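# predicted coordinates and the sequence they were generated for:
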Amino acid sequence: MTIRYTDNFLKQLKKSDVRIRKAFKQRLLLFIESPKDLELNNHALQKEYLGFRSIDITGDHRAIYKEVIQEDDTYIYFTSFGTHNQLYEG
């Protein structure tokens, strides 16, 4: 599995409080070890995010990603980061 980040994702993450960034790092390690761990609430999205998935970072923060399988590797592209309202109602 190869993890990549869009510029937009990194910009949104950088704007977050340091505690949120630390929570992301911890969740990312869990995601790498076990992407379907129930703690992550990993689920497919719909509407404008059709084809993307979301994982929970905190009670309110989410990381949105797209999984692309190419040749012998799976690429995870993290594209958006923010609170539930920022991502889905903003």
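Structure's in. What do you need? Residues are numbered from 1 along each chain as shown.

# what pairs with the residue nearest the centre of the chain across the strands?
Averaging the C-alpha coordinates of the chain gives a centre point, and the residue nearest to it by C-alpha atoms, centre = their mean is A63 (2.6 Å). With DSSP bridges as the criterion, the beta-bridge partners of A63 are I55, F81.

# wait, what's in contact with it?
Neighbour list for A63: 9, 24, 27, 54-55, 57, 78, 80-81 [criterion: C-beta atoms under 8 Å, 6 or more residues apart in numbering]. Where you see a C-beta, it was placed from the backbone N, CA and C, and this is true even at glycine.

# neighbour-wise, which one of the residues you listed leads?
Across those, the neighbour count under other C-beta atoms under 10 Å reaches its highest value at F81, namely 27 neighbours.

# quick check: that one touching F24?
Yes: F81 is in contact with F24 according to C-beta atoms under 8 Å; the separation is 7.4 Å.

# what sits in contact with each of those two?
Taking C-beta under 8 Å, 6+ apart as the contact rule, F81 and F24 both touch 13, 16, 57, 61, 63.

# any chance you could map the helices in the protein?
Assigned helices in the chain, in chain order: 7-15, 18-33, 84-88 (criterion: DSSP state H).

# and Y65, how many residues sit next to it?
Under the neighbour criterion other C-beta under 10 Å, Y65 is assigned a count of 25.

# what confidence value was assigned to it?
Reading off the confidence values, Y65 has pLDDT 98.

# for it, which non-adjacent residue is closest in space?
On the basis of C-beta to C-beta, 6 or more residues apart in numbering, the spatially nearest residue to Y65 that is not a chain neighbour turns out to be F78, at 4.7 Å.

# wait, that neighbour touches R4, no?
Yes: judged on C-beta under 8 Å, F78 makes contact with R4 at a distance of 7.2 Å.

# still on that earlier bit, I'd like the shared contacts of F81 and F24 laid out as TSV, including distance to P35.
Shown next, in TSV, are the shared contacts of F81 and F24 (distance: C-beta to C-beta, whole Å):
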residue	distance to P35
L13	19
S16	22
I57	14
H61	18
A63	12
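
# which of those sits closest to L45?
Taking C-beta to C-beta as the measure, L45 sits nearest to A63 out of the shared contacts of F81 and F24, at 11.7 Å.
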